[in-house]
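In: dropping a prediction and its sequence here:
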Amino acid sequence: MAAVVLLLCPFAARGTLTLDGAVASYPLSQVLLFLEDPSHSLTIEEVADPAAAARFQPVRPRAGDINFGYSSSAYWLALPLRLPPGEIEHVHWMLEIAYSSLDRVELYRPRAGGGFDRQVSGDLRPFRERPYPHRHLVFPLELKPGTEQVLYLRVESAGNLTIPATLWQPDALNRNDQHSYALLSLYYGMLLALLLYNLLLFCTVRDPVFLAYVACVASIAIGMASLNGFGNQFLWPDWPAWGNVALPSGMAAAGFFGAIFTRVFLGTRHQFPQLDFVIVAFAAAFAFSALAPAFASYHFAAILTSTVGLTFAATAVGIGFYCHTRGHPGARYFLIAWTLLLTGVAVLALRNFGWLPTTLLTTYSMQIGSALEMLLLSFALADRINVLQREKEQATQAALSAQQEMVKTLVRSEQELESRVAQRTGELEEANALLREKELELQHLAHHDHLTGLANRLLLDDRIEHAIARARRGGVGVGVLLVDIDHFKAINDAHGHDAGDELLIAIAGRLGDCVRETDTVARLGGDEFIVVLEDLPDSAAAAVVAEKVVAAATRPVELASGTAHVSVSVGVAFFPEHANDRARLLKRADAAMYAAKTAGRNCWRMAGRLDPEDAAAG
């Protein structure tokens, strides 16, 4: 906030800035006086009172611009001015606050008849309401020669309170803008070129790492556009709510996509699982930071973004170094890129916290670091493409060599064909028979239990689904028996695991004897079996089979270590009476099996009727 006080005497002894029309600009960091207002309660009348002048202190940073760090206070800044007499009635100056992300800046100047004129700017206001259309916060001043006065600024912001204040002659400000716009256009032009180039690469090769890179570049562009003031001026001039949070949210989003890029580019999910967990944790932290302004204060979101960003940049450098030592292709460029970004982020974060002076280098360190990082990461992606191309060429060369060798072999074989055709034909037939045998064996192993030879869970699920489909078409039912051997662990403990395996094989054989060839007996694992009975008229038919199973299991089993006596508990579920799909049918059979165990084992139990909720779900 700025105010102009007619009487300069309260500040006369503390130094006054005398304006010279021949000087193009005046940096104000060494001239301004400040007064902290932690309660945000001071008014311009209280601040401009001569008695309050003694409370103002010189800012005088060690170097660069004024920076109060992340402070929740409001700050009043006083600028004592003296204008020498001149022939012109009024002279024009521009007061620039070159930090666009400040929430609210007010300039106060006294009116001739008393009171104060106020100008207000900041990123919480629509751009059209600014006193002067500029990417920074600029206040036009019309000063009368031969007068002394004090300008007061009141500044408050939930983010970093950097106040790079400069008093410009209008022409000098325009010339300075041309230089800064030229440099910034190179920066954004480079980001746009990298974004479009890698987006094109993504559309060509369909590698998600390029998409993560493009999203990271776009997020950095959003954050930087907010920091430089271009977002509020050109992209979202009538959306101040977004303009206020675009900087921390944009940079947090850049960190999120940077973490995703790191994860995909280095392949940490498969190659370095422990590092992958760290990267995922950082990605989650960045996502939280990006969304934090929606439910927390901007102050919290800004500090969190700076802290997580600095920590992740340091971690990414460590990860890049680790992967580089492990010979990961592209890790060298990745390491250099993140080292440069870390330097930029660290300098900016330390400046934001007020631990480094605010200079041109520290202010634009993030842009310099991000530009170099994006460029080097693009080189890393190009190197990745080169590696993939070399691998493809090597594979092609290997295939060509194999093809050439095959041709040579065929030529030799052709020369011997007349004398050995019968032998070769027999060998081929034998080889084909062996292949078919192996294929059938592999198919059987993939769908059957290795111990009992019964169907496994994969084949079981397929059989049940097909049985239910046929039952729906034919209007018949499907019975499912879940069979569990009672006290199987005790048998294992008493006779050993080999005896337990013998017992499982014996029970599997007896289950097969109790059903038809068209039915399915499967082993779920351990001592649990499933029997699928197709084309049943009703649940009573399934109950008959369950009774046979219970009776068959109770017969003594002769083992190598002696005779074993066992029993089984059987749960019966029937489609469609008890369930309408495979999962519920198995679940109902399981519940019925546990009911049989509760009833004392060595028996079977039928599942209850299909309840309305399951019926509706079916």
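Out: Here it is on my side, so go on. Residues are numbered from 1 along each chain as shown.

In: okay, the helix or strand in which Leu151 is found in PDB with CA atoms only?
Out: If you go by DSSP states H and E, Leu151 is part of strand 148-156. Coordinates of each C-alpha in strand 148-156 appear next as PDB, following Å, rounded to 0.1, in the frame of the first residue of the first chain:
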ATOM      1  CA  GLU A 148       8.200  17.100  -1.100                       C
ATOM      2  CA  GLN A 149       6.000  14.200  -0.300                       C
ATOM      3  CA  VAL A 150       5.900  10.700   1.000                       C
ATOM      4  CA  LEU A 151       4.400   7.700  -0.900                       C
ATOM      5  CA  TYR A 152       3.000   4.900   1.200                       C
ATOM      6  CA  LEU A 153       2.600   1.300   0.000                       C
ATOM      7  CA  ARG A 154       0.600  -1.300   1.800                       C
ATOM      8  CA  VAL A 155       1.500  -4.900   0.700                       C
ATOM      9  CA  GLU A 156       0.000  -8.200   1.800                       C
END
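
In: next secondary structure after that strand?
Out: strand 160-163.

In: got the domain ranges for the chain?
Out: With domains defined by automatic domain parsing, the chain comprises 9-168, 174-388, 457-617.

In: lowest-confidence stretch among these?
Out: Least confident of the domains of the chain, judged by mean pLDDT, is domain 174-388 with a mean of 80.

In: how far does that domain sit from its chain's centre?
Out: Counting by C-alpha atoms, centre = their mean, to the nearest Å, domain 174-388 is centred 13 Å from the centre of its parent chain.

In: ok, now stretch 33-46?
Out: 42 Å.

In: now do it: distance from first to last residue.
Out: Terminal residues of stretch 33-46 are spaced 16 Å apart (C-alpha to C-alpha, to the nearest Å).

In: can you mark which positions in that stretch are buried?
Out: Leu33, Phe34, Leu35, Asp37, Leu42, Ile44 (16 or more other C-beta atoms under 10 Å). For every residue, glycine as well, the C-beta is placed using N, CA and C.

In: mind giving me the packing neighbours of the strand holding Leu151?
Out: helix 44-48, strand 74-82, strand 91-97, strand 104-110, strand 160-163 (3 or more C-beta pairs under 8 Å, 6 or more residues apart in numbering; DSSP states H and E).

In: can you say which of these is packed in most?
Out: strand 160-163 (a mean of 25; mean count of other C-beta atoms under 10 Å).

In: what pairs with that one, parallel or antiparallel?
Out: Strand 160-163 has the following strand partners under DSSP bridges: strand 66-70 (antiparallel).

In: compute the inter-axis angle for the partner strand and strand 148-156.
Out: Angle, strand 66-70 to strand 148-156, by axes from the mean of the first three to the mean of the last three C-alpha atoms, to 10 degrees: 20 degrees.

In: show me which residues of strand 66-70 are buried.
Out: For strand 66-70, using 16+ other C-beta under 10 Å, the buried residues are Ile66, Asn67, Phe68, Tyr70.

In: redo these as TSV? Include distance to Ala522.
Out: Listed next are these as TSV, based on distance: C-beta to C-beta, whole Å:
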residue	distance to Ala522
Ile66	77
Asn67	72
Phe68	73
Tyr70	65
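
In: hmm, back to that, save the domains of the chain as JSON lines, and put in distance to Lys408 too.
Out: Shown next, in JSON lines, are the domains of the chain (distance: least, C-beta to C-beta, whole Å):
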{"stretch": "domain 9-168", "distance to Lys408": "72"}
{"stretch": "domain 174-388", "distance to Lys408": "30"}
{"stretch": "domain 457-617", "distance to Lys408": "44"}
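
In: do you know which of the ones you listed lies nearest Val411?
Out: domain 174-388 (34.7 Å; C-beta to C-beta).

In: element containing the nearest residue to Leu227 once chain neighbours are set aside, please.
Out: Residue nearest to Leu227 in three dimensions, not counting chain neighbours: Leu247, with 5.4 Å by C-beta to C-beta, 6 or more residues apart in numbering. Using DSSP H and E, Leu247 maps to helix 240-266.

In: that older thread, among the buried residues of stretch 33-46, which one sits closest to Leu445?
Out: Asp37 (79.2 Å).

In: correct me if wrong: that closest one contacts Leu77.
Out: No: Asp37 lies out of contact with Leu77 (C-beta atoms under 8 Å); the separation is 11.1 Å.

In: which residues do those two both contact?
Out: Contact criterion C-beta atoms under 8 Å, 6 or more residues apart in numbering; residues shared by Asp37 and Leu77: Arg154.

In: not counting its own residues, what contacts stretch 521-528?
Out: In contact with stretch 521-528 (C-beta under 8 Å, 6+ apart) are residues 449, 451-452, 454-457, 459-460, 463, 482-485, 488, 504, 508, 511-512, 515, 529-532.

In: where exactly do the helices run in the stretch 1-150 of the chain?
Out: With DSSP state H, counting those that start in this stretch as the criterion, the stretch 1-150 of the chain has helices at 9-12, 44-48.

In: burial of Leu124, as a residue count?
Out: A count of nearby residues for Leu124, using other C-beta atoms under 10 Å, gives 17.

In: show me what contacts it?
Out: So Leu124 contacts Asp103, Arg104, Pro240, Asn244 (C-beta under 8 Å, 6+ apart).

In: ranking by neighbours, what's the top pick from those?
Out: Neighbour max across the contacts of Leu124 (other C-beta under 10 Å) = Asn244, 23 neighbours.

In: related to what we said a few turns ago, buried ones in whatever helix or strand comes next after the helix holding Leu247?
Out: Using DSSP H and E, the next helix or strand after helix 240-266 towards the C-terminus is helix 268-271. Neighbour counts over helix 268-271 (16+ other C-beta under 10 Å) mark Thr268 as buried.

In: does anything pack onto helix 268-271? Which helices or strands?
Out: Under the contact definition 3+ C-beta pairs under 8 Å, 6+ apart, helix 268-271 sits against helix 273-291.

In: extract the CA atoms of the helix it packs on and return them as CSV.
Out: Taking Å, rounded to 0.1, in the frame of the first residue of the first chain, the C-alpha atoms of helix 273-291 are listed here in CSV:
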residue,chain,number,x,y,z
PRO,A,273,11.4,-50.9,-6.7
GLN,A,274,12.7,-49.3,-3.5
LEU,A,275,13.4,-46.0,-5.3
ASP,A,276,10.0,-46.3,-7.0
PHE,A,277,8.2,-46.2,-3.7
VAL,A,278,10.0,-42.9,-2.9
ILE,A,279,9.1,-41.4,-6.3
VAL,A,280,5.4,-42.4,-5.9
ALA,A,281,5.4,-40.8,-2.4
PHE,A,282,6.7,-37.6,-3.9
ALA,A,283,4.1,-37.7,-6.7
ALA,A,284,1.4,-38.0,-4.1
ALA,A,285,2.9,-35.1,-2.1
PHE,A,286,2.9,-33.0,-5.3
ALA,A,287,-0.7,-33.9,-6.1
PHE,A,288,-1.7,-32.9,-2.6
SER,A,289,0.2,-29.6,-2.9
ALA,A,290,-1.5,-28.9,-6.3
LEU,A,291,-5.0,-29.4,-4.8
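
In: and the next helix or strand after that helix, what does it pack against?
Out: Sequence order places helix 298-325 as the next helix or strand after helix 273-291, per DSSP H and E. Judged by 3+ C-beta pairs under 8 Å, 6+ apart, helix 298-325 is in contact with strand 66-70, helix 240-266, helix 273-291, helix 331-352.
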